[in-house]
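[1] Below are the sequence and a predicted model; questions follow.
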Amino acid sequence: MARLLILKGEMLCIAHGVFEGYDRQGPFVANEDIDVNALMDAEIGSSAEPLVVEAIMRNIAARLLNRGVISELPCRNVYLGSFGELEIKEEDLQSDGEEY
């Protein structure tokens, strides 16, 4: 696995999962250099239990925010629709996809 370094000041989003389990959080800005591989090694440790790893991946953004490693950036979230139907609206992802 290649090393992934995020440098202080870089913008990033954090994503994990596939299909219906896909989750993307952000955008954020790095308040310090982040070695993503070392960070995840430290967070996961020796756990190979998929449910534990999933929970860590799901909560890593909140943990980094709480530690001051990253900060949220304001952004507008635009939903275009699905299944070939336009349904243009603005979403507030912080409140589980409810409209503004």
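    Perfect, I can see it now.

[2] Tell me where the model's unsure across this structure.
    In the predicted model of the chain, residues 93-100 satisfy pLDDT under 70.

[3] Kindly list the longest helix within this structure.
    Longest among the helix segments of the chain by residue count, using DSSP state H, is helix 50-67.

[4] elements contacting that helix?
    If you count contacts as 3 or more CB pairs under 8 Å, 6 or more residues apart in numbering; DSSP states H and E, helix 50-67 packs onto strand 11-16, strand 23-30, helix 36-44, strand 70-72. In this view, the C-beta of every residue, glycine as well, is placed from N, C-alpha and C.

[5] Please name the nearest non-neighbouring residue to residue 23.
    residue 17 (5.3 Å; CB to CB, 6 or more residues apart in numbering).

[6] Could you count how many residues lie near the one you found?
    Close neighbours of residue 17, defined as other CB atoms under 10 Å, add up to 12.

[7] Quick check: phi and psi at it.
    Phi and psi for residue 17, reported as degrees, to the nearest 10, are phi 90, psi 180.

[8] What's the separation between it and residue 74?
    Using CB to CB, to the nearest Å, residue 17 is found at 25 Å from residue 74.

[9] what sits against residue 73?
    11, 26, 27, 28, 29 (CB atoms under 8 Å, 6 or more residues apart in numbering).
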